[in-house]
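[1] Fold the following and give me the result.
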Amino acid sequence: MPSWVSDGFKFYQQRLPKHFHPELIEIPAVTRSAAMPVARAMQREGGKMMKQLQPDHYVVALDERGRQWGSKQLAVEMGRWQSTYKQVTFLIGGADGLSPECKARADQTWSLSQLTLPHAMVRVQVCEQIYRGWTILQGHPYHRE
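    This is a model prediction of the structure:
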């Protein structure tokens, strides 16, 4: 990943309090070749993601076909997650998206946009939106309408 990806993620991560601190677990992309179809690569990446999940994790999959929220709606969702679940885990797919297994495991599917976004950019955007949602919940003036 380019340095701007980790720098952008860390920028918002460090602004959040320790109890709301997102952790990034990066699953290396599967090296594809002509002998490995897209579906097989997605399955391998998905299997690695699934190994990171615990049964009690509330899983939110990032997918362009998911539900879109405005920032205030996301804050409401975050408040619900915080009061209901011990661990919320976001799944961001690789270049080809999430495996069917990951999508099936998801408790909720969130779309940042109907646009197809680069998966590197998505991790920064998700962290910024978590920060924005947290500031809305705190009544902080970061979010302006």
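[2] Roughly how far does the closest residue to G93 other than its chain neighbours sit from E77?
    If the residues on either side of it in the chain are set aside, G93 comes closest to H119, at 6.3 Å by Cβ to Cβ, 6 or more residues apart in numbering. C-beta here means a position set from N, CA and C on the backbone, and glycine is covered the same way. If you measure H119 against E77 using Cβ to Cβ, to the nearest Å, the figure is 22 Å.
[3] Was I right to think the residue nearest to G93 contacts I92?
    Yes: between H119 and I92 there is a contact at 5.7 Å, judged by Cβ atoms under 8 Å.
[4] Same drill for those two, tell me which one is more crowded.
    Neighbour count, other Cβ atoms under 10 Å: between H119 and I92, I92 has more, with 23 against 18.
[5] give the contact list for the more buried one.
    Contacts for I92 were tallied using Cβ atoms under 8 Å, 6 or more residues apart in numbering; they are L62, H119, V122, R123, V126.
[6] quick one: which of the residues you listed is nearest to E145?
    Each of the contacts of I92 was checked against E145 using Cβ to Cβ; the closest is V126, at 20.8 Å.
[7] name the element the closest one belongs to?
    Element membership for V126 (DSSP states H and E) is helix 119-138.
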